[in-house]
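need the 3D shape of this:
(chains A and B)
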Amino acid sequence: MMDAETAALLAQSLERAFRDPDVKEVEAALDEVGWREALDAEGAAVVPLLFARQGAANAASGALDDLLVSSLGLPAGPGTAFVLPEFGTFAPPGSVRSGGLAVRGLGGARTAAADRAVVLAEQPDGALSAVVVDAEKLDARPVGGVDPRLGLAAIEVRDVPAPGGAPITRAAWDAALAAGRLALAHELIGASRTMLRLAREHAVTRVQFGKPIGAFQAVRHRLAECLVAVEGAEAAATAAIGADGEVSPLLAGIAKAVAGRCARTVARHCQQVLAGVGFTEEHDFHRYFRRVLTLDGLLGDARTLTRSLGEDLLRERRLPAAPPL
Amino acid sequence: MDLQEFRTGLDAWLDEHEPELRADFGPDVTFDAEIRHLSKVKRMTFDAGWMRRGWPERVGGLGGSTLMRAYLGEALASRDMIEPGIYSMTEVLAPTMIEFARPELAAQMVPRLLRGDETWCQGFSEPSTGSNLGSLACRARRDGDVWRVSGQKVWTSLAQYAHRCVLLTRTGPPESGSRGITALFADMDSPGITVRPIRAMHGRDEFCEVFFDDVRVPADRTLGEVDGGWAIAMDLLPYERSTSLWHRGAYLRQRLGHLLASAPDGALDPAELGEVVQMAFAFHARSRATQHRMARGERLGPETSIDKVLLATTEQAVFDLVAGAVPAAVALGGDADGDRWRTEFLYSRAATIYGGSAEIQRDIIARRLLDLGDGR
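Sure, this is the predicted structure:
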């Protein structure tokens, strides 16, 4: 377990690292902070620290690639990208056929500069393996989309010559998905907190009818609703790491869905409070709104995760145990 | 005794006494019978020692972490042995006495509440004093060594069964607002008290009007400082939003579990079900952290309003899910299951009203947590 002082120091360094808008600079700063070493040493405990700050700063990096690659037991590094499942989904992006590897997925901010990429692929017999391929073979094309600053790339290739790859059990993939979802939940929460901060600052400074608009109950209640959503999402994400330091796949899925819905709620209310100025590109709000719309779609969006949880529960016909007191 | 020992011991004891402790439900079970059952559960758990854990020894407790109180209510609610709305009133009333009554009075009275020998009520709201507690008007005038109380309270839960009442009165001038309020501990059999139960929408006489006509309350029944009653109310409200809410959360999980186990095939929409389970989980996670903060002795404050909003929202979502999944049972059902779903669905409509309305909680969040000023 990390002591409080170490955690605070790491948090400060991470905050500095995320100040730079350039992905390469952020990657270099994370290297310097020793984020991968911290992840190796401390496990899931450092995930909230990093991703909440990345979300709060609207920064982009390859930290999610590192997390997923190392969760699958492969060596993470600044030159190694991870291919994410297609937007909104969480099925393995690769499939191995006679002609080689077919990949349909998304590359993150690191993809453009990476030498190699890890593709989780389904073998013809249904078994999973992590295949390492040359990044240039993936023909990654930048997707502009709603959030160009995130640097996502579309990947759709066939017949990539693929070596065997490392076998990955379903449980190992579930664990990697859980770690990734926990990270994205915290990133969504960090972004939500910043949206709320921006709207709050506006509410206490913008004067209409002779008083700050934050004096009007309609505005106050919208912002209160945002804080309730953020705190509920943060509690859910915090509880997804057990006393043993392990991330529960069930609870990480819940945490990501709750955080995704929270971010929509916060964005809706904050946009309304920010009104005209929040609709411009001159104000920072739009960057966060764009970011949460995109993050929600990575490793399963809130809608998909929620429905899939309901379907699982209806099969079992019983509630899973909640973490004991 | 640590929480783990407590949990193991209590679970085994509850398994053993299940038949006696299980509550009855259905159209034929009266509110009187529910109250009698609650007293029985409190007496049995007190005599076996479980109810005494987490309370100070000077009021008949056995000491130890408040987490044990949280777990006792959770275990009883999960096993359908109590309804937390009436069970968890102890979590607010007993701390009031422990913190603010004369030590001898607390030592004498609190064990009676914990053991279920007595029922107590909380006289806060008045006809003109709902969300604006500082405007209360029920008057207490000092006359030698007694207070003479005249006025009216309303929404006083269980007043018709109560032996005692923790009462907020106006002791300062009418315009003294939150500065002129004093808390008293009154005997409900005092001459001059009239109780009129109010039939609520869900068919229970859940709360009452209480009329005070020159009621004498001994001066040594003053709780805290004269004119210091506001501080008592403010100190205690966060407790209403901690252990009590944890108990209610456990109850909601139990009801959600029952719905999931019993709903006909196709009745539950997976997306709706998933969302409600996620909400219940987020509340559970939030409230769990609050229980641990309380057990560490941290002072609970306005942040518990977030717990309250999450719980109220979850409660209504759970019973909206019920009403969508088994609509005929809620609307028409005459059997025990239907009667219970209907009662609970109707009661859930009040979740955003009682114990500080949803609007008041959001005001507290805006003012105290978001620092948006006082709204004027």
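
which residues in the stretch 101-250 of chain B form helices?
Assigned by DSSP state H, counting those that start in this stretch, the helices in the stretch 101-250 of chain B fall at B:103-114, B:229-240, B:243-262.

quick one: contacts for A:Leu49?
By C-beta atoms under 8 Å, 6 or more residues apart in numbering or on different chains, the contact list for A:Leu49 reads A:Ala7, A:Leu10, A:Ala11, A:Leu14. In this view, the C-beta of every residue, glycine as well, is placed from N, C-alpha and C.

can you give the domain ranges for the chain?
With no chain named, the answer covers chain A. A:1-78, A:79-168, A:171-316 (automatic domain parsing).

let's do chain B instead
Taken from automatic domain parsing, chain B resolves into B:3-118, B:121-227, B:241-369.

tell me how many other residues surround the residue in chain A that chain B sits nearest to.
Taking C-beta to the nearest C-beta, chain B has its nearest neighbour within chain A at A:Gly310, 3.1 Å off. Neighbours of A:Gly310 under the rule other C-beta atoms under 10 Å in any protein chain shown: 22.

run a quick check on it versus B:Gln278, I expect a contact.
No: applying C-beta atoms under 8 Å, one finds A:Gly310 not in contact with B:Gln278, separated by 9.4 Å.

residues contacting the helix or strand bottoming out on mean pLDDT in chain B, please?
Least confident helix or strand of chain B, by mean pLDDT, DSSP states H and E, is helix B:229-240 with a mean of 87. Outside of helix B:229-240, the residues within contact range by C-beta under 8 Å, 6+ apart are B:91-92, B:95-96, B:99-100, B:124, B:133-134, B:168-169, B:171, B:178-179, B:181-183, B:223-225, B:294, B:300-302, B:304, B:355-356.

just the C-alphas of that helix, formatted as PDB.
In PDB, the C-alpha atoms belonging to helix B:229-240 read as follows (Å, rounded to 0.1, in the frame of the first residue of the first chain):
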ATOM      1  CA  GLY B 229     -31.700  23.800  20.500                       C
ATOM      2  CA  TRP B 230     -30.700  24.700  16.900                       C
ATOM      3  CA  ALA B 231     -27.200  23.400  17.500                       C
ATOM      4  CA  ILE B 232     -28.800  20.100  18.600                       C
ATOM      5  CA  ALA B 233     -30.900  19.800  15.500                       C
ATOM      6  CA  MET B 234     -28.000  20.600  13.300                       C
ATOM      7  CA  ASP B 235     -25.700  18.200  15.100                       C
ATOM      8  CA  LEU B 236     -28.200  15.400  14.800                       C
ATOM      9  CA  LEU B 237     -29.500  15.700  11.300                       C
ATOM     10  CA  PRO B 238     -26.300  14.300   9.700                       C
ATOM     11  CA  TYR B 239     -26.800  11.200  11.900                       C
ATOM     12  CA  GLU B 240     -30.300  10.800  10.400                       C
END
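
in that helix, what counts as buried?
Under the neighbour-count criterion of 16 or more other C-beta atoms under 10 Å in any protein chain shown, helix B:229-240 has B:Gly229, B:Trp230, B:Ile232, B:Ala233, B:Asp235, B:Leu236, B:Leu237, B:Pro238, B:Tyr239, B:Glu240 buried.

now do it against helix B:243-262, angle only.
Relative orientation of helix B:229-240 and helix B:243-262, computed by axes from the mean of the first three to the mean of the last three C-alpha atoms, to 10 degrees: 30 degrees.

distance between helix B:229-240 and the chain's centre?
13 Å (C-alpha atoms, centre = their mean, to the nearest Å).

swap in stretch B:300-316?
14 Å.

so what touches that stretch?
Residues contacting stretch B:300-316 (C-beta under 8 Å, 6+ apart): A:224, A:227-228, A:231-232, B:237-239, B:241-242, B:245, B:248-249, B:252, B:276, B:279-280, B:282-283, B:286-287, B:290, B:293-294, B:348-349, B:351-352, B:355-356, B:358, B:361-362, B:364-365, B:368-369.

are any of those buried, and which?
Among the contacts of stretch B:300-316, the ones that count as buried (16+ other C-beta under 10 Å) are A:224, A:227-228, A:231-232, B:237-239, B:241-242, B:245, B:248-249, B:252, B:276, B:279-280, B:282-283, B:286-287, B:290, B:294, B:348, B:351-352, B:355-356, B:358, B:361-362, B:364-365, B:369.

name the element the residue lying closest to A:His202 once chain neighbours are set aside belongs to?
In this structure, A:His202 finds its nearest non-sequential neighbour in A:Leu274, 5.3 Å apart by C-beta to C-beta, 6 or more residues apart in numbering or on different chains. If you go by DSSP states H and E, A:Leu274 is part of helix A:249-278.

quick one, the helix or strand following that helix and helix A:249-278 angle?
Going down the chain from helix A:249-278, the next helix or strand is helix A:285-295, by DSSP H and E. Calculated by the same axes, to 10 degrees, helix A:285-295 forms an angle of 150 degrees with helix A:249-278.

quick one, what contacts A:Glu311?
B:Pro270, B:Gly274.

buried stuff in the helix or strand where it lies?
If you go by DSSP H and E, A:Glu311 is part of helix A:302-316. Going by neighbour count (16+ other C-beta under 10 Å), the buried part of helix A:302-316 is A:Ala302, A:Arg303, A:Thr304, A:Leu305, A:Thr306, A:Arg307, A:Ser308, A:Leu309, A:Gly310, A:Asp312, A:Leu313, A:Leu314.

how about the first one, what does it touch?
Going by C-beta under 8 Å, 6+ apart, A:Ala302 touches A:Lys256, A:Ala257, A:Val258, A:Ala259, A:Gly260, A:Arg261, A:Arg264, A:Asp296.

neighbours of the residue lying closest to it once chain neighbours are set aside, just the number please.
Computed as C-beta to C-beta, 6+ apart, the closest residue to A:Ala302 that is not its neighbour in sequence is A:Gly260, at 3.3 Å. Using other C-beta under 10 Å, A:Gly260 has 28 neighbouring residues.

from B:Glu20, how far out is A:Gly260?
46 Å (C-beta to C-beta, to the nearest Å).

kindly report the same for B:Ile353.
35 Å.

between those two, tell me which one has more neighbours.
B:Ile353 (15 against 11).

any weak-confidence spans in the stretch 251-376 of chain B?
Nowhere does the stretch 251-376 of chain B drop to pLDDT under 70.
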